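# coords please:
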Amino acid sequence: MAAPNIVNVTSIIGNSLTVAVGTSATQLASNAASSGKVFKINSILIANIDGTSAADVTVNIYSAAALGGTGLAIASTISVPADASLIVTDKTTTFYLLENQSIGAIAGTASDLVATASWEEIT
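Numbers count the residues shown, from 1 in each chain. Here you go, the predicted model:
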């Protein structure tokens with residue numbers, strides 16, 4: 001797992017993804033091994049689209065790409081109220097996703113949560 005030198009950046013590409021979160025890990029971002037890139041994670045938002053019930057969410061950073069390896073929580077079993085949103089991370093709490101790492105979210109209840117992640121892919 002190398003950390004590319006970001007002093008001599010050749011490109012910064014903005015990315016975002018919105019996805020329904022399932023009860024097993026749902027991938028939000030994945031940086032492949034030997035990609036030569038680092039991802040600056042700008043924000044992760046979780047919206048509860050259920051109009052009546054709260055739903056729990058866990059967001060993990062995985063030690064391998066594509067939700068492989070071990071997942072360690074950056075947000076663990078947080079209740080998102082009905083028709084509300086949770087800011088897991090934003091521009092004030094950015095972090096880097098190195099090569100061969102990934103981020104995934106897990107819902108406590110199926111079909112209740114939608115995640116939006118945004119990041120910069122730095123080469």
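
# Counting by contacts, list what the lengthiest strand in the chain packs against.
If you go by DSSP state E, the chain has its longest strand at strand 68-80. When contacts are defined as 3 or more Cβ pairs under 8 Å, 6 or more residues apart in numbering; DSSP states H and E, strand 68-80 packs onto strand 38-48, strand 55-64, strand 85-89. Quick note: C-beta positions are derived from backbone N, CA and C, even for glycine.

# tell me which strands and helices the first one is in contact with?
Looking back up the chat, that one is strand 38-48. By 3+ Cβ pairs under 8 Å, 6+ apart, strand 38-48 packs against strand 26-31, strand 55-64, strand 68-80, strand 85-89, strand 95-97, strand 101-107, strand 113-122.

# Give me the sheet partners of the fifth one and which way each runs.
Using DSSP bridges, the strands paired with strand 95-97 are strand 38-48 (antiparallel).

# In JSON lines, list the helices and strands packed on strand 68-80 along with distance to residue 78 and mean neighbour count.
Below are the helices and strands packed on strand 68-80 laid out as JSON lines (distance: least, Cβ to Cβ, whole Å; neighbours: other Cβ atoms under 10 Å):
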{"stretch": "strand 38-48", "distance to residue 78": "8", "mean neighbour count": "20"}
{"stretch": "strand 55-64", "distance to residue 78": "6", "mean neighbour count": "20"}
{"stretch": "strand 85-89", "distance to residue 78": "6", "mean neighbour count": "17"}
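
# With mean pLDDT added, can I get those in a markdown table?
What follows is these, written out as a markdown table (pLDDT from 0 to 100):
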| stretch | mean pLDDT |
| --- | --- |
| strand 38-48 | 98 |
| strand 55-64 | 98 |
| strand 85-89 | 98 |
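
# Relative to residue 23, which of those strands is closest?
strand 55-64 (10.2 Å; Cβ to Cβ).

# Test of understanding: give the bridge partners of residue 101.
Beta-bridge pairing for residue 101 (DSSP bridges): residue 31.

# Just list the residues touching it, thanks.
By Cβ atoms under 8 Å, 6 or more residues apart in numbering, the contact list for residue 101 reads 1, 30, 31, 61, 62, 63, 64, 65.

# Quick check: the farthest pair among these?
1 and 30 (13.2 Å).
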